[in-house]
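Chemist: with the sequence up front, the predicted model follows.
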Amino acid sequence: MNTQLLDALADIIREKGISKEVVMEAIEAAIISAYKRNFGQAQNVRVDLNMETGTIRVFARKEVVEEVNDPRLQISLEEAQRINPNYQIGDVVELEVTPRDFGRIAAQTAKQVVTQRVREAERSVIYAEFVDREEDIMTGIVQRIDPRFVYVSLGKTEALLPASEQMPNETYKPHDRIKVYITKVEKTTKGPQIFVSRTHPGLLKRLFELEVPEIYDGTVEIKSIAREAGDRSKISVHSDNPEVDPVGACVGPKGQRVQAVVDELNGEKIDIVRWSADPVEFVANALSPAKVLRVIVNEEQKATTVIVPDYQLSLAIGKRGQNARLAAKLTNWKIDIKSESEARELGIDPYAQSTLLDSEETPINNENDSNQSFDLQDEKIE
């Protein structure tokens, strides 16, 4: 093996962080394979590779036996003792069998193995780096687009943004800079495969962590997120510090903080509401910007009946039921919305104190008005 290859090996070991032992073992295994392929397939051989001088020697390993059945693997006791009188039955004799032109073959084989090992090492480094960044946010550059994926460069590697994870109100173009949420990192034979999202609720959470120092340091906590990507989202926030207004912290001076998140999400509307352990207060807050007169809660069925003024009914329900649907996702409660006049027809006092019903009672429900009842759907934001 020539000195140039040795120098290249030393550089690779130093630059790529691959241990010398791993490279040596890989090269020796590859050279043995090359020898068997070219000079004697059935032989049991050992390679001695000297990294200092670049010399390669190949030794055939043969077992000492009384009667030789396979001369490629065995040697007679008489012949072995001519080499060294101390050999006994069962010992292994090593005989040098280095071919005359083996250096060129070995060097080419070593080069291929090193190239492969470097590629594998780089893939392992990338996988280790990105597997720790699952459920995190990164800025990438759009490289190319096809019907199935948008390919986003994350520096050392390329991530896949599936069509199902793309925001419906966005058009992606090569060289666009976008923030993406890493949903999954898989190890494959072709290297790590990284999947990212623009629709995941976790993206909204990470964006607020970037923009709101109080969330990043834990003073304000995001309790839940309900998101219909590209259109509208709701987040509930809470702070154990009575001197901190969690909603105000997220909105920021003149709305700058929430506006930065809205801009990154291409105009997606975001409602920020105060979280509460009291379901009456939490459900009422979640239906913001609608005004709520009364909330009747059934804890056993995890269901609520909400009374709103007649003129607020369409606002509480929202376009295509979106406001109430997001509120149900956000609170994890089923929400049945009724107008003030409808509640009076059913014998409900809209202005009575909000109620926690006994377990055997159920909220008033109008079976014929199914469009105003909204079931909860859990969203993972962690």
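Modeler: In hand now; what should we look at?

Chemist: adjacent strands (with direction) for the longest strand along the chain?
Modeler: With secondary structure taken from DSSP state E, the chain has its longest strand at strand 177-188. Under the criterion DSSP bridges, strand 177-188 sits next to strand 137-145 (antiparallel), strand 191-197 (antiparallel) in its sheet.

Chemist: and the ones you listed, which is most packed in?
Modeler: Sort these by mean neighbour count, taking mean count of other C-beta atoms under 10 Å, and strand 191-197 sits at the top with a mean of 21. Yep, even glycine has a C-beta here, placed from its N, CA and C like the rest.

Chemist: next SSE downstream of that one?
Modeler: The helix or strand immediately downstream of strand 191-197 is helix 201-211, counting by DSSP states H and E.

Chemist: between that next one and strand 177-188, how big is the angle?
Modeler: 130 degrees (axes from the mean of the first three to the mean of the last three C-alpha atoms, to 10 degrees).

Chemist: after helix 201-211, which helix or strand is next?
Modeler: Following helix 201-211 toward the C-terminus (DSSP H and E): helix 213-216.

Chemist: got the domain ranges for the protein?
Modeler: 3-128, 138-197, 207-275, 278-382 (automatic domain parsing).

Chemist: as CSV, the strands paired with strand 177-188 with distance to Tyr311 and mean pLDDT would be great.
Modeler: Shown next, in CSV, are the strands paired with strand 177-188 (distance: least, C-beta to C-beta, whole Å; pLDDT from 0 to 100):
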stretch, distance to Tyr311, mean pLDDT
strand 137-145, 41, 94
strand 191-197, 39, 92
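
Chemist: closest to Ile31 out of the ones you listed?
Modeler: strand 191-197 (26.1 Å; C-beta to C-beta).

Chemist: dump the closest one to PDB, keeping only the CA atoms.
Modeler: Provided in PDB are the C-alpha atoms of strand 191-197 (Å, rounded to 0.1, in the frame of the first residue of the first chain):
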ATOM      1  CA  GLY A 191     -28.700   7.200   5.500                       C
ATOM      2  CA  PRO A 192     -30.900   9.100   7.900                       C
ATOM      3  CA  GLN A 193     -34.300  10.200   6.600                       C
ATOM      4  CA  ILE A 194     -35.800  13.300   8.300                       C
ATOM      5  CA  PHE A 195     -39.400  14.200   8.100                       C
ATOM      6  CA  VAL A 196     -40.600  17.700   8.900                       C
ATOM      7  CA  SER A 197     -43.900  19.500   9.200                       C
END
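
Chemist: any residues touching it, and which ones?
Modeler: 123, 126-127, 130-131, 138, 140, 152, 154, 157-162, 165, 180-187, 203 (C-beta atoms under 8 Å, 6 or more residues apart in numbering).

Chemist: cool, stretch 163-172 as well?
Modeler: 142, 145, 147-150, 161, 178, 183, 195-200, 229-231, 265-268.

Chemist: and with 7 Å instead?
Modeler: 142, 145, 148, 150, 197-199, 229-230, 266 (C-beta atoms under 7 Å, 6 or more residues apart in numbering).

Chemist: of the residues you listed - the most surrounded one?
Modeler: Val150 (26 neighbours; other C-beta atoms under 10 Å).
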